[in-house]
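Asker: Here you go, sequence then predicted model.
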Amino acid sequence: MADLHIPDALLVKNYVQGNENALATLIKRHESKIYGFIYSKISDRDISNDIFQDTFIKVIKTLKSNSYNEEGKFLPWVMRISHNLIVDHFRKTKKMPMYRETEEFSIFSVMSDDTLTIENKMIFDQVEVDLKKIIEELPEDQKEVLVMRMYQDMSFKEISELTGVSINTALGRMRYALMNLRKIIDKHQIILTN
Amino acid sequence: MAKIYSKKALASKILKPKKEVVSFLLNYSQALTVVKIDEKSYEIIAN
């Protein structure tokens, strides 16, 4: 109980001089403040315990090597050590790298928006409509294979089974369908682009 | 019965580190000796 009246600075001095009980008193006096501070930032008991331990390992090493020279400010000093360790913890566990916009570096060089603009969306829709019209011009057997392959995402094996022709015939029809599409596009000078 | 609108104090529970952690630190402190030779410090841990 008498320990409670001894100031931190004196306990630190006693500890540096070899009184190990002084450390026990210092830890007991400040453990809830320091641990509470760490837990308020980390919200994980195990990690908070680790950081609390690392904080005091630094404290012990510094005091034992006589490098401490902040008499009377023991608690803020320990809090600063724990704060630095909390920052280190977040740096280590950070999943996403952080980018800041500067004059030389534009944030948009690493970010992109894949969605189409209104204009591009309109062009895309128009191309779709035009393409469907052209496909309608194809002979029925070629159109059937092309639609199954491109719009229904079927394999040539499935197409051959469904249409009752060999895989090679289905492949041939697809080839002719594409050739004929190109012919129609060239003939009518249709521009399909986005 | 009157309804209590005030929230429970979240920080009412005193947080403390594990006893094992404190015990480890005290043992570590007892075992550690730091020796300074020519501006270099050496840590000696006694078993």
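Answerer: The structure has been received and is ready for your questions. Residues are numbered from 1 along each chain as shown, chains lettered A, B, ... in the order given.

Asker: least trustworthy helix or strand in chain B by mean pLDDT?
Answerer: Ranking every helix and strand in chain B by mean pLDDT, DSSP states H and E puts strand B:40-45 at the bottom, with a mean of 85.

Asker: Centre of the chain to that strand, how far?
Answerer: Here the centre of strand B:40-45 is set off from its chain's centre by 22 Å, with Cα atoms, centre = their mean, to the nearest Å.

Asker: Convert the C-alpha atoms of the helix or strand hosting A:Leu75 to PDB, please.
Answerer: Assessed by DSSP states H and E, A:Leu75 sits inside helix A:74-93. The C-alpha coordinates for helix A:74-93 follow below in PDB (Å, rounded to 0.1, in the frame of the first residue of the first chain):
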ATOM      1  CA  PHE A  74       6.900   7.900 -17.000                       C
ATOM      2  CA  LEU A  75       3.300   7.200 -18.100                       C
ATOM      3  CA  PRO A  76       3.200   9.500 -21.200                       C
ATOM      4  CA  TRP A  77       6.500   8.000 -22.200                       C
ATOM      5  CA  VAL A  78       5.100   4.400 -22.000                       C
ATOM      6  CA  MET A  79       2.000   5.600 -23.800                       C
ATOM      7  CA  ARG A  80       4.100   6.900 -26.600                       C
ATOM      8  CA  ILE A  81       5.900   3.600 -26.900                       C
ATOM      9  CA  SER A  82       2.600   1.700 -27.000                       C
ATOM     10  CA  HIS A  83       1.200   4.200 -29.500                       C
ATOM     11  CA  ASN A  84       4.200   3.700 -31.800                       C
ATOM     12  CA  LEU A  85       3.700  -0.100 -31.600                       C
ATOM     13  CA  ILE A  86       0.000   0.200 -32.400                       C
ATOM     14  CA  VAL A  87       1.000   2.200 -35.500                       C
ATOM     15  CA  ASP A  88       3.500  -0.500 -36.400                       C
ATOM     16  CA  HIS A  89       0.800  -3.100 -36.000                       C
ATOM     17  CA  PHE A  90      -1.600  -1.400 -38.300                       C
ATOM     18  CA  ARG A  91       1.200  -0.800 -40.900                       C
ATOM     19  CA  LYS A  92       2.000  -4.600 -40.800                       C
ATOM     20  CA  THR A  93      -1.600  -5.700 -41.100                       C
END
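
Asker: quick check, it touching chain B?
Answerer: No: counting by Cβ under 8 Å from any Cβ of the partner chain, chain B has no neighbours in helix A:74-93; the shortest distance is 11.2 Å. For glycine as for every other residue, the C-beta is placed from the backbone atoms N, C-alpha and C.

Asker: Only the buried residues of that helix, if you could.
Answerer: A:74, A:77-79, A:81-83, A:85-86, A:89 (16 or more other Cβ atoms under 10 Å in any protein chain shown).

Asker: contacting residues around stretch A:50-57?
Answerer: Stretch A:50-57 has contacts (Cβ atoms under 8 Å, 6 or more residues apart in numbering or on different chains) with A:27, A:31, A:34-35, A:38, A:42, A:78, A:81-82, A:85-86, A:89, B:17, B:21, B:24-25, B:28.

Asker: Would you mind writing the CA trace of that stretch as PDB?
Answerer: Listed next in PDB are the C-alpha coordinates belonging to stretch A:50-57 (Å, rounded to 0.1, in the frame of the first residue of the first chain):
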ATOM      1  CA  ASP A  50       1.100  -8.700 -27.300                       C
ATOM      2  CA  ILE A  51       1.500  -5.000 -27.700                       C
ATOM      3  CA  PHE A  52       1.400  -4.400 -23.900                       C
ATOM      4  CA  GLN A  53       4.200  -7.000 -23.600                       C
ATOM      5  CA  ASP A  54       6.300  -5.500 -26.400                       C
ATOM      6  CA  THR A  55       5.800  -2.000 -24.800                       C
ATOM      7  CA  PHE A  56       7.200  -3.100 -21.500                       C
ATOM      8  CA  ILE A  57      10.000  -5.100 -23.100                       C
END
